[in-house]
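> Requesting a structural model of the entry that follows:
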Amino acid sequence: MDDPAGDGTEGQDRPEFRVLGPFEVLVHGRPLELGGPRIRTLLALLIANAGRVTGVDTMADALWDVDATPGTPRTVRTYLSRVRRSLAPVAADLIETRAAGYALRLGPALLDAREFERLATAGRAALAADPVTAADRLSRALALWRGDAYEDFGGTVALLAETRRLRALRLGALEDRIDADLATGAGEALIGELTALTDRHPGHERLWGQLMTALYRAGRQADALDAFTRARTLLVDRFGLDPSPRLAGLHRRILDNDPRLFPPRPARPVATRPAGAVRNDLPGDIADFAGREPELSRLLSARDGVTHRAPTAVVIEAIDGMAGIGKTTLAIHAAHRLARHYRDAQLFIDLHGHTSGQAPTSPAAALDTLLRALGVAADRIPHEPDARAALWRAELAGRSILVVLDNAADAAQVRPLLPGSAGALLLITSRRRLVGLEAAHTLSLDVLPEDAAVALFGGIVADDRPAAEGGAVRDVVALCGHLPLAIRIAAARLRTRPAWTVAHLADRLRQAGRALAELSAGDRSVAAAFALSYGHLDAAQQRMFRLLGLNPGPDVDVPAAAALAAVPPAEAERLLESLVDDHLLQQPVTGRFRFHDLVRLHARTTALADEPEPARTAALRRLVAFHLHTGHRGSRLLDQQHPPIDVGEPPPGCVPAPLPDDTAAMTWFDGNHQCVLAARQAAEDAGWDTWVWQLAWTLDNFHYRRGHLQANITSWLAGLAAAERLADVAVQARAHRRLGLVYGPFGLPAEALHHLNRSLALAGDIDDTLGQAGVHFVLALHWTHEKDDERALEHATSAQELYGALEDGKWEARAFALIGACLSRLGRHEEARSHAEAGLARCRERNDVYGQADALDSLAAIAAETGDHGEALDRSRRALSLWRHLDNTYRQAATFAATGDAHRALGHPDQANEAWRQAIDLYRAGNLHPAADEVEKRAANWSRTGDVG
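Just a heads-up that it's a prediction; the model follows:
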């Protein structure tokens, strides 16, 4: 028996490994849960080296950001065991243990990258003799790409070579496919794609030649000659090269109007068809069709069973997507490309599933239309629906027929129209996911990529304005949400208004609330298309849709939606999933839901029109309260000794999300950060001042752990203003203190000192001793940043004394460690070590992990000051482990920088540079660019001088 997996098994339950885009492993079409990032990295490395041995050292280099420890080989084997467990039981045996390491056995059918190479090679081999077959194979190869190769592992050095190799192969396959299209007579349809490609790859002469040929065939000889001029200028100015003889020769042939620039017309084949009328009901193809290459390739491959269907199966492709996404356009375009393979008939029927003022076509009526189209006499068509469906299946038996069922309402409408035997291809379009059609292969359309959206816009406008205003065109298609219907309407408006610029159109679309009004032309309207989808929802779905339009955040999860609508979570999930099925919501990742931008605008407009104002206010209060109460619980988990605040009880209908531990809290904050920020802004806009400062407090711990200092400044400035409106002096003092803490590392010391002095004064006014201690602690940090260690020591000592008087052992222990760091920088090393060790011991007694990490950082600094760089490295590594345990990326950055300094002093250049790179990346991720710049300068200076300490 053949081995389709190519790995010594029959491959029935084998997983599919997908690396040409987001990394995933599929089993029976469903993603396999692989585990953490190191397991995924290790598996990706084995896949990149599939068939070859990957050594343990190579794996260690890929897995660890700083130098490996003596236990590294054993740890690698532990991770290998986890990889095998994650693949069990379907593929654990694919990983073989070899003397020099490990090897993964994969055949082309199991790895999308190898299948891509196989199809691309086959397409290239067929290019000269059979360009139609070549284009088909190459299109199928390119359709396997879902993004960049190994895009989840951009910083993994061990994968860079394979990533670059695959990118080069992809571009080569793309050039081959365009050559195949040109060989079959294509021209104008390729211009938009080639224009974008030459912009991205200006040094590829082959692409310039293809663009010139396509322009010439479209009757644009002057533009073809201009393309040569642009290519020559780029080649000379940027690369110092003259055009090749091949490109120059093509230029001369265009000047001479060489008829050989058009391919010879093939002789028309003689059709062999069974008796009976041949009918073609397909609407006209779209002349300005743009983009959708992967989706089109998928549909074109349906005819030859490339998706491994049984040879006797009916081929059914169900295309779904939101209103205006281009379902019908794609289906008709594909049908025209496929028509020559279905010689007996090409039928089209609009089932009116979503047509204004018209009920969906009944299955019986649709069958009557289709049977008549096949030439069945009226008196032969039964009245009973089941008998009519049976006759339809009988008429299709043995025929080669293409049927487009457009605008289907649901699976029940379509099911009686399905053929019963092979030979027919059905293309079905619907705004709903036809999950009830088990035999159908679903193709869900997303919005267009930017390049395709720009090409579509330019093709419709059909004048010089888009080319002259490229940036404005990108703005327009972005404001249209890359939705084809919106782009078509916007382009049509511009085309009929020659006095408008593209920038003027963009300005009109930007005006608040005006986008939907602008996106209307004649009988076409984006808002009307959305309203039609909304009208098909039941009352509960419509209410959820409207209330989601009030959500100020970018997306929503099930618990938040439940609070917004005051329904149980199970009901909220049912409603959200049903809106996804109707393509009124998107689900980019499991459990999170969002609107397309234009649908969001329509939902908000509908809510303002149809939802009473008290109901709108109550829903928004529940949502803001949900984020406040869930975030408050999460912040307490992140630092249980942080002084709490009283947030009261949530309003009726609002149930906060359960967060069992600090890991769950960080996960919730990471996923909902922008939503909580939006809730704070909504509270500010609504005048709910108490919630404004409480949300700033709620976010504070998370912001500090992640280094989101700018977001923390914005939140606490809003919180301070709210506290001033409330005349709450205690909250004002707290807000000033937190602002003083974050302004310093952000590179604004004057602002930091202003807020800290103001906080100290306000805390004194209300006899808040704990607040005064906190300000002294932060002032010690401030003067440390400013390198005034005498002042830093003074404030650290004041903080320690005040904490001691309050019997606050945790913060007194942290103050001891801070005093140690100050003393060390003043040269009082023994005193410094004594204070820092005391602080570390006290933090351990209280299980204060944060304080332990802080004290270890201080001890590392003391060791570095005294020249004991080995101890400094050890202390920094232990601190780094604790910061990672706390998931505090902000403090990890500083500790990585100190680790790099220790490696530099010990003469370890590679480890030093890697640790500094980690610090820089973490600082940049938190928008802490001054800190990142300082580390970069340190690394550059050492690299330039070769200093080893």
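> Gly187 and Ile325: what is the separation?
Counting by C-beta to C-beta, to the nearest Å, the gap from Gly187 to Ile325 is 27 Å. Where C-beta positions appear, they are placed from N, C-alpha and C, glycine not excepted.
> in what helix or strand does Leu579 lie?
helix 569-581 (DSSP states H and E).
> Name every strand pairing with the helix or strand just after that helix and say which way it goes.
Heading C-terminal from helix 569-581, the first helix or strand you meet, by DSSP H and E, is strand 586-589. Strand 586-589 pairs in its sheet with strand 592-594 (antiparallel), by DSSP bridges.
> List the contacts of the partner strand.
Here strand 592-594 makes contact (C-beta atoms under 8 Å, 6 or more residues apart in numbering) with 548, 554-557, 561, 576, 579-580, 585-588, 671.
> most surrounded residue in these?
Of all the contacts of strand 592-594, Leu548 has the most neighbours under the rule other C-beta atoms under 10 Å, reaching 28 neighbours.
> if we can go back for a sec, which other helices and strands does the helix holding Leu579 contact?
helix 539-548, helix 558-565, strand 586-589, strand 592-594 (3 or more C-beta pairs under 8 Å, 6 or more residues apart in numbering; DSSP states H and E).
> Take the contacts of strand 592-594 and write them to TSV, including distance to Ala196 and pLDDT.
Formatted as TSV, the contacts of strand 592-594 follow (distance: C-beta to C-beta, whole Å; pLDDT from 0 to 100):
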residue	distance to Ala196	pLDDT
Leu548	35	96
Pro554	28	90
Asp555	30	93
Val556	34	95
Asp557	36	95
Ala561	38	96
Leu576	36	94
Leu579	34	91
Val580	31	89
Leu585	30	89
Gln586	25	86
Gln587	29	86
Pro588	25	81
Gly671	34	91
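> Which pair of the residues you listed spans the longest distance?
Using C-beta to C-beta, the pair of the contacts of strand 592-594 lying farthest apart is Leu579 and Gly671, separated by 19.7 Å.
> Give me the distance between the two termini of stretch 406-417.
The first residue of stretch 406-417 is 12 Å away from its last residue (C-alpha to C-alpha, to the nearest Å).
> closest one to Asp700 among the helices and strands packed on helix 569-581?
Proximity to Asp700 (C-beta to C-beta) singles out helix 558-565 among the helices and strands packed on helix 569-581, at 20.8 Å.
> what's next to the closest one, contact-wise?
543-544, 547-548, 550-551, 556, 568-569, 571-573, 575-576, 591, 593, 619, 622-623, 625-627, 630, 650, 653-657, 672, 675.
> got the angle for that helix vs helix 539-548?
Interaxial angle, helix 558-565 versus helix 539-548 (axes from the mean of the first three to the mean of the last three C-alpha atoms, to 10 degrees): 100 degrees.
> between helix 558-565 and helix 569-581, how many degrees?
Computed by the same axes, to 10 degrees, the angle between helix 558-565 and helix 569-581 is 100 degrees.
> For the residue of the chain positioned farthest from its centre, grab phi and psi.
In the chain, Asp379 marks the outermost C-alpha relative to the chain mean, sitting 56.6 Å out by C-alpha atoms, centre = their mean. Dihedral pair for Asp379: phi -70, psi -10, per degrees, to the nearest 10.
> quick one: pLDDT of it?
Predicted confidence (pLDDT) for Asp379: 76.
> what does Gly719 give?
pLDDT, Gly719: 96.
> where does it land in three-state SS?
helix (DSSP: H, G, I helix; E, B strand; the rest coil).
> How about Asn941?
With three-state DSSP as the basis, Asn941 sits in helix.
> how many neighbours does it have?
Asn941, neighbours per other C-beta under 10 Å, totals 10.
> same deal with Asp670?
11.
> so where do the strands sit in the stretch 151-300 of the chain?
Remark: strands assigned in the stretch 151-300 of the chain by DSSP state E, counting those that start in this stretch are 279-280.
> how about low-confidence regions in it?
Scanning the stretch 151-300 of the chain for pLDDT under 70 picks out 155, 264-278.
> can you give me the helices in it?
Under the criterion DSSP state H, counting those that start in this stretch, helices of the stretch 151-300 of the chain are mapped to 160-183, 191-200, 205-217, 221-239, 245-255, 293-300.
> One more: the stretch 751-900 of the chain?
Ranges of helices within the stretch 751-900 of the chain are 769-785, 789-805, 809-825, 829-845, 849-865, 869-885, 889-905, based on DSSP H, counting those that start in this stretch.
> and His632, which of the three is it?
His632 ends up helix, using three-state DSSP.
> where's the closest residue in space to Leu638 that isn't next to it in sequence, which helix or strand?
In this structure, Leu638 finds its nearest non-sequential neighbour in Asn701, 4.3 Å apart by C-beta to C-beta, 6 or more residues apart in numbering. Here Asn701 sits within helix 689-706, counting by DSSP H and E.
> next SSE after the lowest-mean-pLDDT helix or strand in the chain?
When the helices and strands of the chain are scored by mean pLDDT, DSSP states H and E, strand 520-521 comes last with a mean of 68. Once strand 520-521 ends, the next helix or strand along the chain (criterion: DSSP H and E) is strand 524-525.
> Mind listing residues that contact that next one?
So strand 524-525 is contacted by Leu485, Arg488, Ile489, Leu519 (C-beta under 8 Å, 6+ apart).
> If you count contacts, what does the helix or strand following that strand end up packed against?
Going down the chain from strand 524-525, the next helix or strand is helix 526-535, by DSSP H and E. When contacts are defined as 3+ C-beta pairs under 8 Å, 6+ apart, helix 526-535 sits against helix 484-495, helix 515-518, strand 520-521, helix 597-610.
> let's go with 7 Å and repeat that
Using 3 or more C-beta pairs under 7 Å, 6 or more residues apart in numbering; DSSP states H and E, the elements in contact with helix 526-535 are helix 484-495, helix 597-610.
> Highest mean neighbour count out of the ones you listed?
Each of the helices and strands packed on helix 526-535 was scored by mean neighbour count; the highest is helix 484-495, a mean of 23, by mean count of other C-beta atoms under 10 Å.
> In this structure, which residue is most central in space?
Note: the chain centre (C-alpha atoms, centre = their mean) maps to Pro588, 7.7 Å.
> can you pull the contacts of that one?
Arg594 (C-beta atoms under 7 Å, 6 or more residues apart in numbering).
> Against Asp281, how distant is it?
In terms of C-beta to C-beta, Pro588 sits 37 Å off from Asp281.
> Only the buried subset of the contacts of helix 558-565, as a PyMOL command please.
To isolate the buried members of these in PyMOL, using 16 or more other C-beta atoms under 10 Å:
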select buried, resi 543+544+547+548+550+551+556+569+572+573+575+576+593+619+622+623+625+626+627+630+650+653+654+655+656+657+672+675
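> Show me where the stretch 401-550 of the chain dips below the pLDDT cut-off.
For the stretch 401-550 of the chain, applying pLDDT under 70 flags the ranges 421, 438-439, 512-514, 521-523.
> hmm, try it at 90
Residues of the stretch 401-550 of the chain that meet the criterion pLDDT under 90 lie in 401-402, 407, 409-412, 414-426, 431-472, 475-500, 504-538.
> which residues does Leu111 bridge with?
For Leu111, the beta-bridge partners are Phe17 (DSSP bridges).
> is it true that it touches Arg18?
No: in this structure, Leu111 is not within contact of Arg18 by C-beta atoms under 7 Å, at 8.1 Å.
> Neighbour count: Gly187 and Ile325, which is higher?
Each of Gly187 and Ile325 has its neighbours counted (other C-beta under 10 Å); Ile325 has more, 25 against 19.
> how about that one, secondary structure?
coil.
> now Phe348
Relying on three-state DSSP, one would call Phe348 strand.
> from what I can see it touches Leu402, true?
No: shown here, Phe348 and Leu402 do not form a contact pair, counting by C-beta under 7 Å, at 9.1 Å.
> For these two, indicate the residue with more neighbours.
Leu402 (27 against 21).
> any idea which helix or strand carries the more buried one?
For Leu402, the element it lies in under DSSP H and E is strand 401-408.
> What of Glu96?
Using DSSP H and E, Glu96 sits within strand 95-98.
> average pLDDT across that strand?
Strand 95-98 comes out at a mean pLDDT of 78.
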